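Novice: predicted model and sequence follow; I will ask about them next.
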Amino acid sequence: MKQKISLDQTYLICATLFSVVLVLTNIIGVKLFQGPFNPSSHALTTGIITYPLTFLLTDVVSEIWGAKKANTMVLIGFLMSIVMLIFIQIALYLPAHPYWVAPNNPFGFETVNEYQNAFNSVFSVNGKLLFGSMLAYMVAQLLDVRLYHMWKKITKGKYLWIRNNGSTSISQLVDTFIVNSILFYWGFGWEFWQGISVMFTIYIYKLILAALDTPLIYLSVAIIRKKFDLPNAMAEYS
C-alpha cells in the first residue's frame, strides 16, 4: 500500500530543496559568465540561476505554512551553508595524493599540484565575499518573509502575484546592494558609479527571473492546497 506524503513531510521537502539550492548557489556562484544582452561588458555570477529559486520557495512556504516556518527554513539554510563551508575548508587543507592525477585526463593537468590549484581556484572562499553573501542572505530572506506577509495582510489574501513579486523585488534589491557593495567597494576597490552600474545590471536580471517564477508559485500553491484540501488565502480574511 502506498504511503501518502503528509503536509509536514511536504514542508520538509521544501526546506530540503531550499537548503540544497542555497548550497549549490554558494558552490557554483564563483563562476562568472557573459550576460546575454551585452556579453562584452556584463559579467554575471552563475549563482543567479539558482539563488532566485530560494525566494520562490520562501514565498511558497510563507503562503502555505506561515512566517514562522519560513523563517525556520531560512535559518536551516544558513546553518547548512556553514556546514558546507567547514567541510570544504577541511578538504582544501587535506594533502593531495599523486593518484589523483589520472593518466590522459581531459583537463591537461600533469601534476598533483596542478590538480590542487584547480581545486583551490574553485572552492577557496574569499573572506569578504563570504561575509557579504551570508549577511545579504540572512537580511534579504528574513525581509522577504516579513514583506510577503505585510502584502498579504494589506491585500487581504488576494493577488498572490503582488505579494510574490513585491516582497521578492525589494528583498532582492537589498541582497544585491549588500553583497555587491562589500564585494565591489571593500573587496575590489571600485569607483562608486562603476559598482552602481554593475549592481543595477544584476538587479534587472534578478527582477526578470522573479517575474518568470510567478506562474510557478501559483502552480505550487494550487497543487499543495488541492492535495491537502487547504482553504485558499482569501478564506483566512473572510
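Specialist: Arrived safely, thanks for sending. Numbering: from 1, shown residues only.

Novice: buried ones in the helix or strand containing residue 78?
Specialist: In this assignment (DSSP states H and E), residue 78 forms part of helix 67-93. Buried residues in helix 67-93, counted by 16 or more other Cβ atoms under 10 Å: 69-71, 73-74, 77-78, 80-81, 84-85. The way it works is simple: take the backbone N, C-alpha and C, and place the C-beta from them, glycine included.

Novice: over to stretch 130-145?
Specialist: Neighbour counts over stretch 130-145 (16+ other Cβ under 10 Å) mark 131-134, 136-145 as buried.

Novice: secondary structure class for residue 33?
Specialist: Assigned by DSSP: H, G, I helix; E, B strand; the rest coil, the conformation of residue 33 is strand.

Novice: list the buried residues of stretch 199-218.
Specialist: In terms of neighbour count (16+ other Cβ under 10 Å), stretch 199-218 has its buried residues at 199, 201-203, 205-207, 209-210, 213-214, 217.

Novice: actually, stretch 173-180.
Specialist: Burial within stretch 173-180, assessed by neighbour count using 16+ other Cβ under 10 Å, is assigned to 173-180.

Novice: send me it as PDB with only the CA atoms.
Specialist: What follows is stretch 173-180 as a C-alpha-only set of coordinates in PDB (Å, rounded to 0.1, in the frame of the first residue of the first chain):
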ATOM      1  CA  LEU A 173      17.400  44.800  -4.100                       C
ATOM      2  CA  VAL A 174      18.600  44.700  -0.500                       C
ATOM      3  CA  ASP A 175      20.500  41.400  -1.200                       C
ATOM      4  CA  THR A 176      22.200  42.900  -4.400                       C
ATOM      5  CA  PHE A 177      23.200  46.100  -2.600                       C
ATOM      6  CA  ILE A 178      24.700  44.400   0.500                       C
ATOM      7  CA  VAL A 179      26.700  41.600  -1.200                       C
ATOM      8  CA  ASN A 180      27.900  43.700  -4.100                       C
END
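
Novice: between the buried residues of stretch 173-180, which sits nearest residue 122?
Specialist: The nearest member of the buried residues of stretch 173-180 to residue 122, counting by Cβ to Cβ, is residue 179 at 19.3 Å.

Novice: for the residue lying closest to the closest one once chain neighbours are set aside, give me its contacts.
Specialist: Excluding its sequence neighbours, the residue lying closest to residue 179 (Cβ to Cβ, 6 or more residues apart in numbering) is residue 136, at 3.9 Å. Taking Cβ atoms under 8 Å, 6 or more residues apart in numbering as the criterion, residue 136 is in contact with 174-176, 178-179, 182.
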